[in-house]
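Trainee: pasting a predicted model and its sequence here:
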Amino acid sequence: MTSGGDGPDPGPGPRGPEGFGLGTLLGLVNGQQRGAAKRRRTDGAPAVPRFADAAREALADAGARHDLAESAAATRKRTAAAIAEASDWERLREAGAAIRDRALLDLGAHLETFERAVADAGGTVHWARDASAARRIAASLVRDAGDGEVAVADGSVLREIGLDRALAARGVVAHDASGPEGRDRVRAARVAVAPADFLVAETGTVLLLESGGAARACLTLPETLVCVAGLDRLVPAWEDMEVLLQLLPRASRGDRLSPQVSAWTGAVPADGPGEVHVVLVDNGRTRILGDEVGREALRCIGCGACSAVCPVYERVGDRPFDPRGTGVPGPIGAIWTPLARGVERAPEASLPFASTLCGACADVCPVKIDLPGLLVHLRGEVVDARRHRPVPTPELAVMRGVAWTMADARRFEAAAGRGARWARLLSRGGRIRRLPGLLGRWTEARDLAAPPAESFRAWWRRREAARRRTG
């Protein structure tokens, strides 16, 4: 086992800032470091927009919105057809959820098993506490094994850790392994970096699913292979892949099977890379695991099915959901990022509210993640985090005023009557197209129906009075 630091391996106890060990992992799961994790900030991090600000820019691009709508509709049609062919789809979903939960509930033991299996097969496991450590580990391995060039198979975890920046800072030229020209570069490269979709604990196997063959070239041709994976992608046994390899392609692309499934176990003499490294990335995953409600998000297998059915994502695309470019967009990103980073900062705090809570994402999730329930859970955390501020936010002040008003029937009716009169003055043709002040944020992207001339309470009193007179 190696961590992100130099020197001898200190064993499974707590590590320094570069890496982490299983002792630290289990401590985080038990909540021993959860308070410190909540307070941790990233110094010098670039400013990122809140969801509403990023979405406003996306909504202004009518062409992109049209393309997103067409793409989402086509994806929904393909996946619906593929799922309809599987008569046992619901049982597969239940089995997939159970497999992912079993892996997460005993993750420490499975990670130990995986590390031993990788070592027995001639590979090396490296542990990275965060994205910074993962970048340093991967970039150092590439620099030490290569000659200034590296072949890279793109993947969300590589975007998450920002590997391209680390390689460029070390003067390493990264070549995308896709396409005929990319394959030629892979053949000439001494070292390659690839992501992983799944890790099998019992055998130490790395699996990668793809359609183009770029990753397979990286897994087989170079002398040194560096695989980067989130530690949540672990499954206990090979037999678990029977279920997941049916779920993922149907949910993600509408395929019956993935066109190419590459599986690699350690280093085998005269068969592929002679040196294999697996970099396991935490980067907030143990923090999510420590949340008894939120840990359900770690079931995610990266299919993207939730994005294809989300009415909000269909209109704004990736960037508002993933303002930091971490590679986790869409509805699951609106959950994952606040869970991993906390809700103290405005960009993360805005994401749980980027949803209509229509439930379509939960209906299509192949591992049955309750995304709407997790979004509501996170909204509660956002409110709780703001409740203790010495100066309340404008929204919180308004909600406190609304709560006071609605606590008394007479206050509520008087306020509703006055508000309805003002709202009708602002309406044109039965619609309110612009509200004043902070309320104007609502009408920037939508109109508001004008309230009726007579409230429901007034109508009910009039109806009951008429009934009594005639009865």
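Mentor: Received, thanks.
Trainee: what's stretch 408-416 in contact with?
Mentor: 404-406, 455, 457 (C-beta atoms under 8 Å, 6 or more residues apart in numbering). For the C-beta atoms, the positions are set from N, CA and C on the backbone; glycine is no exception.
Trainee: kindly report the same for stretch 47-67.
Mentor: 315-317, 319-321, 323-324, 334, 346-347, 349-351, 353-354, 441, 444-445.
Trainee: how far does stretch 447-461 stretch from start to finish?
Mentor: 30 Å (C-alpha to C-alpha, to the nearest Å).
Trainee: so for that stretch, what gets flagged as buried?
Mentor: For stretch 447-461, a neighbour-count test (16 or more other C-beta atoms under 10 Å) marks 448, 450-451 as buried.
Trainee: can you map out the strands along the stretch 1-150 of the chain?
Mentor: For the stretch 1-150 of the chain, the strands defined by DSSP state E, counting those that start in this stretch cover 124-128, 149-152.
Trainee: which neighbouring elements make contact with the last one?
Mentor: In this structure, strand 149-152 packs against helix 163-169, strand 173-176, helix 179-188, strand 191-195, helix 214-220, with contacts taken as 3 or more C-beta pairs under 8 Å, 6 or more residues apart in numbering; DSSP states H and E.
Trainee: what mean pLDDT would you report for the helix or strand that comes right after it?
Mentor: Counting by DSSP states H and E, the next helix or strand C-terminal to strand 149-152 is helix 156-161. The average pLDDT within helix 156-161 is 92.
Trainee: show residues contacting helix 156-161.
Mentor: 128, 131, 134-135, 138, 152, 164, 193, 195-196, 228-230, 281, 283, 302, 325-328.
Trainee: please apply the same query to stretch 358-373.
Mentor: Residues contacting stretch 358-373 (C-beta under 8 Å, 6+ apart): 79, 92-94, 96-97, 100, 247-248, 250-251, 293, 296-297, 299-301, 303, 305-306, 308-311, 331-332, 335, 355, 357.
Trainee: next one: stretch 170-178
Mentor: For stretch 170-178, using C-beta under 8 Å, 6+ apart, the contacting residues are 139, 142-143, 146, 148-154, 163-164, 167-168, 182-183, 185-186, 189, 192-193, 212, 214-215, 217-218.
Trainee: can you tell me which of those are classed as buried?
Mentor: The buried subset of these - by 16+ other C-beta under 10 Å - is 139, 142-143, 146, 149-154, 163-164, 167, 182-183, 185-186, 189, 192-193, 214-215, 217-218.
Trainee: could you chop this structure up by domain?
Mentor: Following automatic domain parsing, one finds the domains of the chain at 22-40+87-283, 69-77+295-387, 394-470.
Trainee: any chance of these in JSON lines, plus distance to Ala47?
Mentor: As requested, the domains of the chain are exported to JSON lines (distance: least, C-beta to C-beta, whole Å):
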{"stretch": "domain 22-40+87-283", "distance to Ala47": "17"}
{"stretch": "domain 69-77+295-387", "distance to Ala47": "9"}
{"stretch": "domain 394-470", "distance to Ala47": "20"}
